[in-house]
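Trainee: fold the following for me, if possible:
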Amino acid sequence: MNCWEYKNCAEEVFKTCPAYPDSGSGCWMLEGVKCQSGEKEFSSLDEQIACCGRCDFYTHANARDRLKPAGNSADQEAAGI
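Mentor: The predicted model follows:
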C-alpha cells in the first residue's frame with residue numbers, strides 16, 4: 001500500500017509529492033514529502049524524521065515488515081523451504 005492511499009491524500013497533493021509514484025511504501029526515506037496530506041512542511045530532515053516516527057502509516061508499514069519471514073519467496077523456493 002502507498003502512503004497516499006493509506007492517508008487518503010488528495011490527488012493534487014500526492015501527485016506533487018516526492019514519494020509519488022515509486023516510493024509510497026517507504027515515504028519516510030525521502031526528504032521533502034508532503035506529510036499529513038500536504039499540510040505539514042518540514043524545515044529540516046531531522047524534523048521530518050521525528051514526525052515520521054509518530055506517523056500511523058510508518059508504524060503500520062514497519063509492523064507489516066517485522067511480520068514477514070526473512071528472505072523472499074524466490075529465495076525460499078530455491079532453498080526448498
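
Trainee: mean confidence for stretch 29-41?
Mentor: Here stretch 29-41 scores 84 as its mean pLDDT.

Trainee: for stretch 56-66, that is, sorry about that
Mentor: For stretch 56-66, mean pLDDT rounds to 83.

Trainee: neighbouring contacts of that stretch?
Mentor: Under the contact criterion Cβ atoms under 8 Å, 6 or more residues apart in numbering, stretch 56-66 has outside partners 1, 3, 6-7, 25-28, 52. In this view, the C-beta of every residue, glycine as well, is placed from N, C-alpha and C.

Trainee: need the residues you listed in CSV with neighbour count, secondary structure and distance to G38, can you?
Mentor: Shown next, in CSV, are the contacts of stretch 56-66 (neighbours: other Cβ atoms under 10 Å; DSSP: H, G, I helix; E, B strand; the rest coil; distance: Cβ to Cβ, whole Å):
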residue, neighbour count, secondary structure, distance to G38
M1, 11, coil, 18
C3, 26, helix, 12
Y6, 16, helix, 14
K7, 19, coil, 10
S25, 16, coil, 19
G26, 15, coil, 18
C27, 26, helix, 12
W28, 19, helix, 16
C52, 18, helix, 15
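
Trainee: find me the pLDDT at the residue most central in space within the chain, would you?
Mentor: The chain has G26 as the residue nearest its centroid, 3.0 Å off, counting by Cα atoms, centre = their mean. On pLDDT, G26 comes in at 92.

Trainee: measure L45 to C9 for me?
Mentor: 21 Å (Cβ to Cβ, to the nearest Å).

Trainee: out of the contacts of stretch 56-66, which is nearest to A19?
Mentor: Of all the contacts of stretch 56-66, C27 has the smallest distance to A19: 4.0 Å, by Cβ to Cβ.
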